[in-house]
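S.K.: I'll drop the sequence and a predicted model, then ask my questions.
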Amino acid sequence: MIGDNNPWGMFVENVRRLLREVLPAHEIRLEEPPENLGDVAFPTFNIAKKVGENPVSVAKRVAESLNSKIDGAGWVDRVEQKGPYVNFFVNIKKMAEYTIPLILNLDTAYGHLRPRGKKIVLEHTSANPTDALHVGRARNPIIGDTMARILRAAGYDVETQYYVDDLGKQAVILAYGMHELGYDADSSPYMRASRLYEESEEHRARVDDWLRRLEGGDKEVVEKVRRACLEMMENRILPTLERINVRVDVLAYESQFLEKTREVIENLRPYCGKDNGALYIDLSPYGIEEKVYITRSDGTSLYATRDIAYHLWKLERGDVIINVLGEDHKLESYFVKTAIEKILGIEADIRVLFYSFVTLPEGRMSARKGRVVYFDALLDEAVERARKEVLKRREDMDMSRIDEIARIVGVGAVRFNIVRIQPEKKIVFRWEDALNFEGCSAPFVQYTHARACSILRKGGGYDSAKAPVITHEREIRLIKLLSKYPSVIEYSAEFMAPHKVAQYCVDLATEFNQFYRDCPVIHSEGEVRNTRLMLVDAFRITIRNALDVLGITAPEEM
RNA sequence: GGGCCCGUGGCCUAGCCUGGAUAGGGCGUCGGCCUCCGGAGCCGAAGGUCCCGGGUUCAAAUCCCGGCGGGCCCGCCA
């Protein structure tokens, strides 16, 4: 906690310390009590059992001896026994005096924890650049980029990578389509080439020839395929990612790892079975009854093998590897991890965040079957919808500003809607959900931020040197929630739970709206007014930081 | 067939790792709130076998076992 600027964390640490003094021999597990019963709770069931006493009397005794230790000047204001629980109440005066200036001073740094001195290489998206991104794939960059931001906030050095497959058959088909068939406005080069590959002997023969030449290292073909992939990345994939505030640090091309792949095959060979000249690894000693091939009969490598080489390269660049992958990659991912750690015996910290697919109500998206919603189309629709909403209420605003806000709100809505759901749950894409602008949504949170900005514009400044004076329950609740933000970052980073940050945004915005309803700011006076202005600003800073971690911009007006 | 994941009011979802005090939110429905800091907001109401059945436990949405339903994987594809 030290160095994390984590006010709530300090309070909780203090509770633990107090409990350890009274109960040195016991494990201390805290929980959050229901509304109004306290700020943290200590249940006494387990320890009562160990001591052979009833929980209520243990709670009574613990509460009593704790109360005699508390002088009211520390983080803990008081302790109450309620049934088998010992409930701790935070010293709200101290919390306010610590938290509010902390947030105001740290500003953009509030919620950034101490540097960990560790570098994480985080791979996400890595979609084959054969076609534009569709909504079914959109979850990957959104979860990946959000995790990268969370981990950076949590104090890690993070490098994001996109793995571009420019060696597989689909890359050859793409290149063939682009270089040999020319452009056609109606269908993508990949789709056309793919159809011809299936339908025409002649084209298939030529593509297969390219593929052989590619694997043989034919300069001309390698160059053509690489250029085709690069072109698709630059024209189709990266611009779409850019629209949702996702920028990838490193594009790693699969063709970079040919040499390393050969080494991997040689190192793995002693552990391989052989089937018709093809090498495979039997995973049954590692708990899964599967064979995974690492070469074809002709000795050429397979995707998983090259992925191992790529992982070894990532290990050279960082201390920890994190991959954001669709659940269909579970077996492949397990294989890569097992091969590196167990078979090659290389020490590696490889973590994987799997997510379930986004599907349409009719089923899985498929460009070939024409059952697809392109991500750009969704973004266009969301931005258009946002623009209509802005126009409805802001007749005074000039067009370029309206466009800017519509983009911020529309993009935010889309990102939020996907990241708010726990990754392992599947998402059925429905337009009405994706374009939801109220309740549990980015526009709701952004609106609250704009409201706070509006108050601050009209409030005309405050004196941050003055100590806060708390007079209302809503102020207390707001301060507590604000003080928990660093803990949210810490938790989300540790458990790779990006949806927790989204949830926090909604909770905090909701709390602020209640404060807004009950506590006049501009129309109050003296210390109360000064305190509330500081509080509004602290809220503004915190919600803006939290949205930023979600890759969502907080507009000052909308 | 085997493995992994998911199953919480009409719909979506948090909580599940680490069992504990009235299962939190949101959408939708119904009823209220702008002479007052931005109504993309707020308040209230109705609505629940936490998929089912066993087990462990003083205590299970949470842990274990067995079902059922859905998703994903089981390719010399990626």
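M.R.: Alright, I've got the coordinates.
S.K.: domain ranges for chain A?
M.R.: If you go by automatic domain parsing, the domain ranges for chain A are A:7-90, A:124-359, A:375-549.
S.K.: and the pLDDT for the residue sitting furthest away from the middle of chain A?
M.R.: The centre of chain A is farthest from one residue, residue A:202, which by CA atoms, centre = their mean lies 46.4 Å away. The per-residue pLDDT reported for residue A:202 equals 88.
S.K.: the closest residue to RNA strand B within the stretch 301-450 of chain A: which element?
M.R.: Nearest residue of the stretch 301-450 of chain A to RNA strand B: residue A:439, at 2.2 Å (CB to the nearest atom of the strand). C-beta: built from backbone N, CA, C; applies to glycine. Under DSSP states H and E, no helix or strand contains residue A:439.
S.K.: what's the neighbour count on it?
M.R.: Burial of residue A:439, expressed as a neighbour count using other CB atoms under 10 Å, amounts to 9.
S.K.: repeat for residue A:66
M.R.: 23.
S.K.: could I get the contacting residues of it?
M.R.: Residues in contact with residue A:66 (CB atoms under 8 Å, 6 or more residues apart in numbering) are A:18-19, A:22, A:79, A:86.
S.K.: please identify the helix or strand for it.
M.R.: Following DSSP H and E, one finds residue A:66 within helix A:55-67.
S.K.: of all of the stretch 251-400 of chain A, which residue lies closest to RNA strand B?
M.R.: Counting by CB to the nearest atom of the strand, the stretch 251-400 of chain A gets nearest to RNA strand B through residue A:276 (2.8 Å).
S.K.: any buried residues in the helix holding residue A:66, and which?
M.R.: A:55, A:58-60, A:62-63, A:66 (16 or more other CB atoms under 10 Å).
S.K.: one more: stretch A:498-514?
M.R.: A:498-506, A:508-512.
S.K.: chain center to the helix holding residue A:66: distance?
M.R.: Distance, stretch centre to chain centre, for helix A:55-67: 42 Å (CA atoms, centre = their mean, to the nearest Å).
S.K.: any idea which helix or strand comes after it?
M.R.: Next along from helix A:55-67, by DSSP H and E: strand A:76-82.
S.K.: contact partners of that next one?
M.R.: A:11, A:14-15, A:18, A:37-38, A:56, A:59-60, A:62-64, A:66-67, A:70, A:72, A:86-92.
S.K.: so what are the sheet partners of that strand and their directions?
M.R.: strand A:85-90 (antiparallel) (DSSP bridges).
S.K.: between the buried residues of stretch A:498-514, which sits nearest RNA strand B?
M.R.: Using CB to the nearest atom of the strand, residue A:510 is the member of the buried residues of stretch A:498-514 that lies nearest RNA strand B, at 4.6 Å.
S.K.: measure the closest one to residue A:158 for me?
M.R.: To residue A:158, residue A:510 is 30 Å away according to CB to CB, to the nearest Å.
S.K.: now do the contacts for residue A:220.
M.R.: Residue A:220 touches residue A:213, counting by CB under 8 Å, 6+ apart.
S.K.: quick one, which of the contacts of residue A:66 has the minimum pLDDT?
M.R.: Minimum pLDDT across the contacts of residue A:66 is recorded for residue A:22, with 91.
S.K.: name the nearest residue to that one, sequence neighbours excluded.
M.R.: residue A:65 (5.4 Å; CB to CB, 6 or more residues apart in numbering).
S.K.: packing partners for the host helix or strand of residue A:192?
M.R.: Element membership of residue A:192, judged by DSSP H and E, is helix A:189-199. Packed against helix A:189-199, as judged by 3 or more CB pairs under 8 Å, 6 or more residues apart in numbering; DSSP states H and E, are the following elements: helix A:169-180, helix A:201-215.
S.K.: ok so, going back, taking strand A:85-90 as reference, get the angle to the helix holding residue A:66.
M.R.: 30 degrees (axes from the mean of the first three to the mean of the last three CA atoms, to 10 degrees).
S.K.: give me the below-cutoff pLDDT ranges for chain A.
M.R.: A:1-3, A:182-187 (pLDDT under 70).
S.K.: so for the longest helix along it, what gets flagged as buried?
M.R.: Longest helix of chain A, by residue count under DSSP state H: helix A:526-549. Going by neighbour count (16+ other CB under 10 Å), the buried part of helix A:526-549 is A:528-549.
S.K.: anything in it near RNA strand B?
M.R.: No - Helix A:526-549 does not reach RNA strand B (CB under 7 Å from any atom of the strand); its nearest approach is 7.6 Å.
S.K.: burial check on residue A:71, number of neighbours?
M.R.: 7.
S.K.: against residue A:18, how distant is it?
M.R.: 12 Å.
S.K.: again with residue A:171
M.R.: 62 Å.
S.K.: before we move on, what about residue A:317?
M.R.: 44 Å.
S.K.: so for these two, which sits in the more crowded spot?
M.R.: Neighbours per residue (other CB under 10 Å) separate residue A:317 from residue A:18, with residue A:18 holding more: 23 against 14.
S.K.: and the longest helix of chain A, what other elements does it pack with?
M.R.: If you count contacts as 3+ CB pairs under 8 Å, 6+ apart, helix A:526-549 packs onto helix A:92-106, helix A:135-153, helix A:442-459, helix A:473-483, helix A:485-494, helix A:499-518.
S.K.: any idea which element residue A:225 lies in?
M.R.: Assessed by DSSP H and E, residue A:225 sits inside helix A:219-232.
S.K.: how about stretch A:16-35 as PDB, C-alpha atoms only?
M.R.: Coordinates of each C-alpha in stretch A:16-35 appear next as PDB, following Å, rounded to 0.1, in the frame of the first residue of the first chain:
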ATOM      1  CA  ARG A  16      -6.000  -5.300   9.800                       C
ATOM      2  CA  ARG A  17      -3.200  -4.000  12.100                       C
ATOM      3  CA  LEU A  18      -5.700  -3.400  14.900                       C
ATOM      4  CA  LEU A  19      -7.100  -6.800  14.600                       C
ATOM      5  CA  ARG A  20      -3.700  -8.400  14.500                       C
ATOM      6  CA  GLU A  21      -2.900  -6.700  17.800                       C
ATOM      7  CA  VAL A  22      -5.900  -8.300  19.400                       C
ATOM      8  CA  LEU A  23      -5.900 -11.600  17.600                       C
ATOM      9  CA  PRO A  24      -2.200 -12.200  16.700                       C
ATOM     10  CA  ALA A  25      -2.600 -15.900  15.900                       C
ATOM     11  CA  HIS A  26      -5.500 -15.700  13.500                       C
ATOM     12  CA  GLU A  27      -5.900 -15.200   9.900                       C
ATOM     13  CA  ILE A  28      -7.900 -12.000   9.300                       C
ATOM     14  CA  ARG A  29     -10.400 -12.000   6.600                       C
ATOM     15  CA  LEU A  30     -12.500  -8.900   6.100                       C
ATOM     16  CA  GLU A  31     -15.600  -8.200   4.100                       C
ATOM     17  CA  GLU A  32     -17.900  -5.400   3.200                       C
ATOM     18  CA  PRO A  33     -20.900  -5.000   5.400                       C
ATOM     19  CA  PRO A  34     -24.400  -4.200   4.100                       C
ATOM     20  CA  GLU A  35     -25.400  -0.600   3.900                       C
END
